[in-house]
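Chemist: task: produce atomic coordinates for the following.
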Amino acid sequence: MRKIFINITLILIGFLCLFLQTNFFSWFTIHGISPNLFIIYILFIGLFGSKSMGIIYGSVCGIILDLLFKQNVGINLTGLVIVALMGIMFNKNFSKDSKITIIFMIFCSTIVFEVVLYFLNYAIYSINIEMTSFIKILVIETIYNIILSIILYPLLQKFGYYIENEYKGDKILTRYF
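Modeler: Numbering: from 1, shown residues only. The predicted model follows:
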């Protein structure tokens, strides 16, 4: 029952991220660039949820973003699945208690997502990329995501540890019995 509640809550948070990204943050852009809340959202699920949970949510969110924003299907999907895999990798190698490590994770995830996004657009669809505009988008979006993650981190951490205890739990004794 708790896992159903967690998944319903995560789906509602996903819709909230979609609403905020398309409506609210469209008013608060910096040089026409808004934050990408889905990078924070999928990284959060990859850090605190199970392995398959991060990949599933990353895939679904990527398809929804591709279909809603009328981009070619598969670009955001690939980027968000890579962010989920990075969250799983970061969970094994870093502590989630420090804000500095969370800032580092958001920084790396945003850079990797944008590089993958632009590389796939260039390689598959031959969309030319101007390096100055790419670097400008990368820097502003990274700073924007870091600021939002610092503001939202206490809520994310509390809910994240609840998810982690429910999905991962302390299953040491189950190995032996």
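
Chemist: for the spatially most central residue of the chain, what are its contacts?
Modeler: Nearest to the geometric centre of the chain sits Ile39, at 2.5 Å (C-alpha atoms, centre = their mean). Counting by C-beta atoms under 8 Å, 6 or more residues apart in numbering, Ile39 touches Leu80, Val83, Ile106, Ser109, Thr110, Phe113, Asn145. Where C-beta positions appear, they are placed from N, C-alpha and C, glycine not excepted.

Chemist: redo that, cut-off 7 Å
Modeler: Shown in contact with Ile39 (C-beta atoms under 7 Å, 6 or more residues apart in numbering): Val83, Ser109, Thr110, Phe113, Asn145.

Chemist: show me where pLDDT drops low in the protein?
Modeler: Applying pLDDT under 70 to the chain flags residues 71, 169-177.

Chemist: looking at it, which helix is longest?
Modeler: Ranked by residue count under DSSP state H, the longest helix found in the chain is helix 131-167.

Chemist: report all helices and strands that that one contacts.
Modeler: helix 2-19, helix 37-48, helix 99-125 (3 or more C-beta pairs under 7 Å, 6 or more residues apart in numbering; DSSP states H and E).

Chemist: got those helices as a markdown table, with distance to Asn76 columns?
Modeler: A markdown table is the format used below for these (distance: least, C-beta to C-beta, whole Å):
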| stretch | distance to Asn76 |
| --- | --- |
| helix 2-19 | 12 |
| helix 37-48 | 8 |
| helix 99-125 | 7 |
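
Chemist: deepest-packed of those helices, please.
Modeler: helix 37-48 (a mean of 26; mean count of other C-beta atoms under 10 Å).

Chemist: past it, which element shows up next along the chain?
Modeler: Along the chain past helix 37-48, the next helix or strand (assigned with DSSP states H and E) turns out to be helix 51-68.

Chemist: list the buried ones in that next one?
Modeler: Neighbour-count burial for helix 51-68, counted by 16 or more other C-beta atoms under 10 Å, picks out Met53, Gly54, Ile55, Ile56, Tyr57, Gly58, Ser59, Cys61, Gly62, Ile64, Leu65, Asp66.
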